[in-house]
Structures are given as C-alpha cells and as structure tokens.
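Peer 1: coords please:
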Amino acid sequence: NGGSNGSASVTPSGGAGGYTYSWSPSGGTAATATGLSAGTYTVTVTDANGCTATRNFTITQPTAISTATAAQTNVSCNGGSNGSASVTPSGGAGGYTYLWSNGATTATVTGLSAGTYTVTVTDANGCTATRNFTITQPTVISTATAAQTNVSCNGGSNGSASVTPSGGAGGYTYSWSPSGGTAATATGLSAGAYTVTVTDANGCTATRNFTITQPTTISTATAAQTNVSCNGGSNGSASVTPSGGAGGYTYSWSPSGGTAAT
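Peer 2: The predicted structure is shown next:
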C-alpha cells in the first residue's frame, strides 16, 4: 500500500501501424507505463494516419498491513522471563511471515524478559509493517521494613516479629516458619530463628529471617547472710548479688518488706 511499482501496457492492432503512445496522467510515451501508483490511467494510441484509440486502466493496491490487533503478557516476577507478545495482522496481500527482534519467526513469542521487542510482518508481496511491544516487570518484593521484639524473660514466649513488604504485585500473603503464622506479624514467639515467606498476587516470593533472643536466667547464686547474735535479737542480715537477666534489678523481701539488695 502506497507503493508505485504498478505497470500497464497496450499492444495495439489495426489502423495504419506506426503507433505512438501518450499516457495520462503519468506522461509516458511507450507501449508500457511503469512506476505507477494506484489510480486511473489512460493511454491514447495514435497510428501513422493520426487515427486514435484510447484504453483505460485502473491500477489497484492492497490495503495497508495492520498490526492493530496485538496482545502481550508482562513478566510476573522481577527478573523472570515468562512474558509474551503476539500480533494478528490484517490487510496487505496475506501470506504473512514474522521476524521478531529476538530472532523468533512466529506470530507469538514467549519466554520474554522485560524489555522492548519489535516484530516485522511481511506479506506475500514483500510489503512490511512493524509493531513494538514493551514488556514490563514488577519491582522486587522488599522486606526491608521489619521489626522484632525479643523475649523479655528467659524461657518466655512473648517475642514477636513483623514485616511490612513493598514492591511486587501487592496482595501479599504470609507464611511463618516454624511458628506457622499467616499474618504480617507473628506473636507468642520463644527464642529462636524464624523465617517469613511473603508471596504477592503473582505468586512471587521473598523471605526475611528473624532471630528472637532472650536474656540469660537471673541468678541469685551470689548471696550472704549474718545470723542474729543473741537469742531474741534482730541484728541478722541477708544480701543478694544477682546476675544475668536484663539488669536494672529491684528487690522485694518477704516478710520483712525490704526493697534493697541487703
């Protein structure tokens, strides 16, 4: 479509011979007119006696090749290669062949990573049309935003861990191991290692590891006492020097009610 490789020719007979030719509107003066675009042409044939005859030609052209009908599937996970693109041409002379910028020769290409791809469609007449596709991919799922609370007392189970993912396709689900939680925050954790797997709406995953710690056991092994020196006296004493735990110790003596280390 839009070319100018049409031609028309006439082979006159009769008259006085010695024919001359005048083509309109192309202006040719031979029996054959070449380089014609689509349109109507008239040749006037004149013989040696000046007698004339005319012949009309209508040069046609195929419709333009259209690649308007096309489809693509973007990559589902960052760094993946499951994208695809396809084209369904129309117009032209039919008998289409395909050449993609990655070397593929079919109407549909698969296994594409993110990027720009071009297909050239060629019809039976050698006419061409191109179509560009930009295959996209989601961003990487990030688990950089996370928090944890460690166990407060040795042997306890009040630890927690949470993750706030971003990127990917959204619609996140969570799977904690080994605790088995399915929320963004896992609670009731004892000391140990935990892993959360975050899955987005496209099935893409990212993991984050947490190590929940606990303080050591509070030890009161270091202690001293002084007994009452005389029967009925009240000069006894007792003291403790704790270690371990989280420090910042406070004391409560029973039944005496004291609040100091001694």
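
Peer 1: Report pLDDT for the residue nearest to Cys51 when sequence neighbours are not counted.
Peer 2: Nearest residue to Cys51, sequence neighbours excluded (Cβ to Cβ, 6 or more residues apart in numbering): Gly15, at 5.4 Å. C-beta coordinates here come from the backbone N, C-alpha and C atoms, glycine included. Gly15 is assigned 96 on the pLDDT scale.

Peer 1: what sits against Thr143?
Peer 2: Val163, Pro165, Val196, Val198, Ala206, Thr207, Arg208 (Cβ atoms under 8 Å, 6 or more residues apart in numbering).

Peer 1: Contacts only, for the fourth one.
Peer 2: Right, the one you point to is Val198. If you count contacts by Cβ under 8 Å, 6+ apart, Val198 has them with Ile141, Thr143, Val163, Pro165, Tyr172, Thr173, Tyr174, Thr205, Ala206, Thr207, Arg208.

Peer 1: Selection in ChimeraX covering whichever of those are buried, please.
Peer 2: Here is the ChimeraX selection string for the buried members of these, based on 16 or more other Cβ atoms under 10 Å:
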select :141,143,163,165,172,174,206,208
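
Peer 1: In a markdown table, list the contacts of Val198 along with secondary structure and pLDDT.
Peer 2: Output for the contacts of Val198, formatted as a markdown table (DSSP: H, G, I helix; E, B strand; the rest coil; pLDDT from 0 to 100):
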| residue | secondary structure | pLDDT |
| --- | --- | --- |
| Ile141 | coil | 98 |
| Thr143 | coil | 97 |
| Val163 | strand | 99 |
| Pro165 | coil | 98 |
| Tyr172 | coil | 98 |
| Thr173 | strand | 98 |
| Tyr174 | strand | 99 |
| Thr205 | strand | 98 |
| Ala206 | strand | 98 |
| Thr207 | strand | 98 |
| Arg208 | strand | 98 |
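
Peer 1: Look up how far Ala16 lies from Asp65.
Peer 2: One thing to correct before we go on: residue 65 is Ile, not Asp. Per Cβ to Cβ, to the nearest Å, Ile65 is found 48 Å from Ala16.

Peer 1: what about these two, which has more around it?
Peer 2: Between Ile65 and Ala16, counted using other Cβ atoms under 10 Å, Ile65 has the larger neighbour count: 22 against 11.

Peer 1: separation between the more buried one and Gly95?
Peer 2: 11 Å.

Peer 1: shared neighbours of these two, anything?
Peer 2: Residues within reach of Ile65 and of Gly95 at once, by Cβ under 8 Å, 6+ apart, are Asp123.

Peer 1: Now do the SS call for the residue nearest the centre of the chain.
Peer 2: The residue lying closest to the centre of the chain (Cα atoms, centre = their mean) is Gln137, at 1.4 Å. Here Gln137 is recorded as coil under DSSP: H, G, I helix; E, B strand; the rest coil.

Peer 1: Next, the contact list for it, please.
Peer 2: Gln137 makes contact with Asn74, Val75, Ser76, Cys77, Asn78, Gly79, Gly80, Gly83, Ser113, Ala114, according to Cβ under 8 Å, 6+ apart.

Peer 1: now do 6 Å
Peer 2: Contacts for Gln137 (Cβ atoms under 6 Å, 6 or more residues apart in numbering) come out as Val75, Asn78, Ala114.
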